[in-house]
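Sequence plus predicted model, see below.
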Amino acid sequence: MRLSKCLNNYYRKLIISLCLLSVISLSNNVFANEVNIEAKSTSRAWHNVEKRGTKQNVYFHAWGGDQQINNYIQWVADQVKQKYQINLHHVKLTDTSEAVSRVLAEKAADNHRNGQVDLVWINGANFASMAKYELLAADWAGELPNFELTNPTNNPAMTRDFGVPTQGMEAPWGQAALTFYFDSLKVNNVPQTLPELLTWSENHPGHFTYPKPPDFLGMSFLKYALIILNEQQPANIKEKLYQEATVESQVQLLPQLWQFLDQLHPTLWRQGKHFVSNGLALRRLMGDTELQVSFTFSAAEIPSAISRYDLPDSTRSYRMKDGSLSNIHFVAIPYNSPHIEGAKLVANFLLSPEAQSRKQKTAVWGDSSVLDLSQLTAAQKMLFDVPEKQHASANIINIDNTRLLGELHPSWVKVITEQWLTRYGVQ
């Protein structure tokens, strides 16, 4: 009797276990089916994008001030022509605000379907402006198959532009950091912090300067200085650099910058009474040996300029020990683009391992990839492992222990520019 009862209990538990396993298996199958349905739906949606985007003309509005970058965009044009019969036209800009103004004017004229900008290289204040005035197509970046290779779930920088959520309006393209360079035959001890730069410039007057704002490179230098000069402030105050600028935060944070510039400017090229307008002019001054220390946001331009004899062979590059301003740049699609599908195909190709690995090569552009290599196949990873023959200037001093500084809230660009022009703009 006792044995019979034990067996009954055993079979009862066995039946319950089998039922539970069946439920779990059924649930897994349902989940798997849902995933497969979603995957098929995504695949069909992207197939439709490919179908509609093929053979379109895509007008890519992007800064045209660097020949290396222009050459890379031309290579992209050749690739998308082969893959999709897309005609990619690089509309070379002096400043990204030109594209912003064009789309804004089109919206004001009720041109909501036939805009002249299909894709724009953008970040920071320009993105904030276009988002504010609803000038961008929304929720498209997540549709790109290659967007997942950036691992956005574990890499929130891929979905935030200068701290502002992109909300699917931008796809990341690359990332860079402020890099200084110098003539190693003329400079023995390079300044490696902001205070050292002031001391060096006082001891070597006329051999350093920066572009005037609102130039991107000049603004980058000012933002780097603003961050470093406020590092001793309480956390709740210096954190305001990453929030929208207010009257209160300006009073708390900007005086340190103006005090520093008041000391620095008399030591600059032409005694700070004249400022160049962009990074190209800055590089020319280095090539003409008028400057001995300078900086760029495109480190690869240094060895490239040396190869063209625009800079002396003795030029070397380095990062500041107290920090290097770093940011991610994106591409966006205006809301009134008549070629949205073609623009998506181009943006997806820009995120491909093929395009990202080529862009990262110093001889091509030297712009760091935004892809998370852990998301790539072994074959895709190999694209990034191709050895390069590099000039000594491509080996950036301090790069392994660089402290990367985050970009300020976009609202600070306008504030700094206006106040800088009020204080120094007549010079």
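Cool, got the structure.

switch to C-alpha atoms for all contacts and neighbour counts from now on
OK.

Tell me where the stretch 1-150 of the chain has helices.
Ranges of helices within the stretch 1-150 of the chain are 2-53, 67-84, 97-108, 125-132, based on DSSP state H, counting those that start in this stretch.

again, but for the stretch 201-350 of the chain
Going by DSSP H, counting those that start in this stretch, the stretch 201-350 of the chain shows helices at 216-229, 235-238, 247-264, 279-287, 301-307, 340-350.

Save those as a markdown table, and put in distance to Ser201 too.
Listed next are these as a markdown table, based on distance: least, Cα to Cα, whole Å:
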| stretch | distance to Ser201 |
| --- | --- |
| helix 216-229 | 15 |
| helix 235-238 | 27 |
| helix 247-264 | 7 |
| helix 279-287 | 15 |
| helix 301-307 | 22 |
| helix 340-350 | 41 |
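
Ranked by average pLDDT, which of the helices of the stretch 1-150 of the chain falls at the bottom?
Mean pLDDT values for the helices of the stretch 1-150 of the chain show the minimum at helix 2-53, a mean of 59.

which one is Ala177 nearest to, not counting chain neighbours?
Ser326 (4.1 Å; Cα to Cα, 6 or more residues apart in numbering).

thought the one you found was touching Glu407?
Yes: the pair Ser326 / Glu407 is scored as a contact, 6.6 Å apart, by Cα atoms under 8 Å.

what ranges of this protein fall below the confidence cut-off?
1-41, 388-389, 394-395, 397-402, 426-427 (pLDDT under 70).

now with 50?
Counting by pLDDT under 50, the low-confidence segments of the chain come to 1-3, 5-7, 21, 23-24, 27, 30-39, 427.

what number of residues lie near the nearest residue to Lys238 once chain neighbours are set aside?
Residue nearest to Lys238 in three dimensions, not counting chain neighbours: Asn230, with 6.3 Å by Cα to Cα, 6+ apart. When neighbours are defined as other Cα atoms under 10 Å, Asn230 has 20 of them.

How about the contacts made by Asn230?
Lys238, Leu253, Gln256 (Cα atoms under 8 Å, 6 or more residues apart in numbering).

show me what contacts Val370?
Contacts of Val370 (Cα under 8 Å, 6+ apart): Thr150, Met158, Pro172, Trp173, Gly174, Gln175, Leu351, Gln356.

just Phe260 next, same as before
Counting by Cα under 8 Å, 6+ apart, Phe260 has no contacts.

now swap in Arg52 and tell me
Contacts of Arg52 (Cα under 8 Å, 6+ apart): Glu341, Gly342.

ok, 10 Å please
Contact analysis of Arg52 by Cα atoms under 10 Å, 6 or more residues apart in numbering lists Trp46, His339, Ile340, Glu341, Gly342.

Can you pick out the most distant pair from these?
Within these, Trp46 and His339 form the most distant pair, 15.1 Å apart (Cα to Cα).

if I read this right, Glu148 contacts Leu373, doesn't it?
No: in this structure, Glu148 is not within contact of Leu373 by Cα atoms under 10 Å, at 11.4 Å.

Starting from Leu178, give me the distance back to the nearest residue to Leu404 once chain neighbours are set aside.
Leaving aside its chain neighbours, Leu404 sits nearest to Ser324 (5.0 Å; criterion: Cα to Cα, 6+ apart). Note on Ser324: its distance to Leu178, by Cα to Cα, to the nearest Å, is 5 Å.

between these two, what contacts are shared?
What both Ser324 and Leu178 touch, as defined by Cα under 10 Å, 6+ apart, is the set Ser220, Phe221, Tyr224, Phe297, Leu404, Leu405.
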